[in-house]
Each structure stands twice: as structure tokens, then as C-alpha cells.
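Participant: Need coordinates for the below:
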Amino acid sequence: MRKRILMLDDNQDVLDIVKEALSYEKFEVTITSETENIIGNIQAHMPDLLMLDYKMTGTRGDEICREVKAHPQLSNIPVIICSAYLNKDDLLACGCDAIITKPFGLEELVDTVNGLVYVSQ
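Facilitator: All right, here's what the predicted structure looks like:
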């Protein structure tokens, strides 16, 4: 069974590139730019991994990460925050499992995703 990834970013180009790269690696990737009802969206997809952009229109990725990690049904889902924001201590404080600094290479993306998806089983 293919591992499921849900990615939230307000940049369609980033969403498209990540979806293509991870789909090539045999992941089932759902992308969205909608922060409204994101917890419901996560519950509907029940991904094996959640990728969040830090700075988006609407709710920021760190706020969503805190909600996910506090939710009893979702807290075990690994979360990657993708950001050009450089203060990693602030980002780690939200409870994310990894940070990928933008711009990122596809090898770093795939390695980070594989490390979290297959280690967190």
C-alpha cells in the first residue's frame, strides 16, 4: 500500500513540484492551499505524513502543527514544516518532526520524507 502524504502550501508551483517528485517515489500525494477546515481535511485523508508551509495566507504552518500534535487522533502523524524562515528553534517549538529549508533540493525532500514515513511506523 502506498504511503499517503498531505501537503499544504499557498504556492501552487511548490505544490506541483513536490507532488510530482513524491509521486515518482511511489507516494500517494494530496496537495492543497486551503487552510480553512484543515483539521477536517487531515482527518478525511489520514495521511502517513503531513507537510506544511510555515508562512501562508491564513493560518500559519506552525499553528496547524500545534493543532495536529494536540489532537488525539492526529498527534502521531509526522509533520514537516517547509520554510525560508531561518529560526529553527522557533519552528521546532511547534512540535514538528522535521524542517526543510526553502529552497530545498528534491534529494533532501525525498530523504526527509522517507526517514519520517518509514521510521514512524
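
Participant: switch to C-alpha atoms for all contacts and neighbour counts from now on
Facilitator: Will do.

Participant: Give me the most central residue, the chain.
Facilitator: The centroid of the chain falls nearest to residue 51 when counting by C-alpha atoms, centre = their mean (0.6 Å).

Participant: For that one, name its beta-bridge partners.
Facilitator: residue 7, residue 80 (DSSP bridges).

Participant: Who are the contact partners of it?
Facilitator: Counting by C-alpha atoms under 8 Å, 6 or more residues apart in numbering, residue 51 touches 5, 6, 7, 8, 79, 80, 81, 82.

Participant: between those, which is closest to residue 118?
Facilitator: residue 5 (12.5 Å; C-alpha to C-alpha).

Participant: Surely that closest one is in a strand?
Facilitator: Yes - assessed with DSSP: H, G, I helix; E, B strand; the rest coil, residue 5 lies in a strand.

Participant: Can we start the residue count at 44 from this point?
Facilitator: Yep, numbering from 44; the last one is residue 48 now.
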